[in-house]
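A.B. asks: Next one to model:
(one chain, ligands or ions: 1)
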Amino acid sequence: MDFNKPRYTPMSRRRRIYEGKAKVLYEGPEPGTLIQHFKDDATAFNAKKHEVIEGKGVLNNRISEYLFQRLNDIGVPTHFIRRLNMREQLIREVEIIPLSVAVRNVAAGSLAKRLGIEEGTQLPRSIIEFYYKNDQLSHPMVSEEHITAFGWATPQEIDDIMALAIRVNDFLCGLFLGVGIRLVDFKMECGRLWENDLMRVVVADEISPDSCRLWDIKSNDKLDKDRFRRDLGGLLEAYTDVAKRLGIMSENERPQGTGPVLVKG
Ligand code: UDP
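C.D. replies: Below you'll find the model as predicted:
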């Protein structure tokens, strides 16, 4: 027996650590690791709108893998280790900081609404916003004052998060621009990674068309979850387009994770 090889644990016997709206976290093969499983569920408006879009999880797993790997390659610390299969990736276990960090380049969504700015207006500079991750409260926007006063993150951690957010945004803007896509905004989450007694803040969760606004440069077509939020249809086609443009899915690859189905005559 090869003791260096982690043993395969059938999915049914794995310990489920956490189930979110679009992902499940399972215990990993080694201490300090987890398995992140991408589901096909699409939710919006704090889960008031819900649908299952077959194949979305497979696409998000691949796109998020690609983006996190590119970030690892340029030295941006992330939780990502490697993809395991169509729907799962091996990640480092981190202590999630309970903040959603939104980075915006162009006015859209809640910012456009809140400040009465027309969607599509280029912002004078990139803007970082913090939201408190709490479903019961519908993720309210919070300031640095709230974050430090309630102890969600320290001032040093906020500095680290903002530095990461700017690096991720600059890198992703360039990467997407290269494939004819404008990165309008995105959301990222951060976690504390403990290495012996040292702690560093790393990028966690996912970065995918579920958590970004991606507009085609020429047509302004939406290639992201707004297709679901706004009932535009064609979500799978849009996500597949993003994957293809990034060069991570061959033309004839099926996004569905189930494979061919035997039809009994
Ligand atoms: N976002 C997200 N999860 C959330 C809220 C927002 O991934 O729970 C992303 C969203 O896809 C967009 C960015 O964060 O790319 C900014 O979203 P916004 O605040 O405009 O909220 P929305 O209009 O999506 O409700």
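A.B. asks: quick one: the host helix or strand of Glu129 to chain centroid distance?
C.D. replies: Using DSSP states H and E, Glu129 falls within strand 122-132. Relative to its chain's centre, strand 122-132 lies at 17 Å (Cα atoms, centre = their mean, to the nearest Å).
A.B. asks: buried stuff in that strand?
C.D. replies: 126, 129-132 (16 or more other Cβ atoms under 10 Å). (C-beta placed from N, C-alpha, C; glycine too.)
A.B. asks: do the same with stretch 220-227
C.D. replies: Within stretch 220-227, the residues that qualify as buried by neighbour count (16+ other Cβ under 10 Å) are 221-227.
A.B. asks: Go through those and flag which are in helices.
C.D. replies: The helices, defined by DSSP state H, take in 226-227 from the buried residues of stretch 220-227.
A.B. asks: Closest to the ligand out of the buried residues of stretch 220-227?
C.D. replies: Proximity of those to the ligand was ranked by Cβ to the nearest ligand atom; the top entry is Lys225 with 5.5 Å.
A.B. asks: What is the neighbour count of the residue nearest to that closest one when sequence neighbours are not counted?
C.D. replies: Excluding the flanking residues, the one nearest Lys225 by Cβ to Cβ, 6 or more residues apart in numbering is Asp210, at 5.0 Å. Counted with other Cβ atoms under 10 Å, the neighbours of Asp210 add up to 25.
A.B. asks: Ok, Pro155 next?
C.D. replies: 10.
A.B. asks: And for Lys48?
C.D. replies: When neighbours are defined as other Cβ under 10 Å, Lys48 has 8 of them.
A.B. asks: Now do it against the ligand, distance only.
C.D. replies: 12 Å (Cβ to the nearest ligand atom, to the nearest Å).
A.B. asks: which ones are touching that residue?
C.D. replies: With contacts defined as Cβ atoms under 8 Å, 6 or more residues apart in numbering, Lys48 has no neighbours.
A.B. asks: and the protein, which residues reach the ligand?
C.D. replies: The chain has residues 100, 102, 108-111, 139, 185-187, 211-213, 225 near the ligand, with proximity defined as Cβ under 6 Å from any ligand atom.
A.B. asks: so what's Thr154 up against?
C.D. replies: Thr154 touches Thr148, counting by Cβ under 8 Å, 6+ apart.
A.B. asks: roughly how far apart are it and the ligand?
C.D. replies: Relative to the ligand, and taking Cβ to the nearest ligand atom, Thr154 is found at 24 Å.
A.B. asks: how far is the longest strand along the chain from where the chain is centred?
C.D. replies: The longest strand of the chain (DSSP state E) is strand 181-195. Distance of strand 181-195 from its chain centroid, counting by Cα atoms, centre = their mean, is 7 Å.
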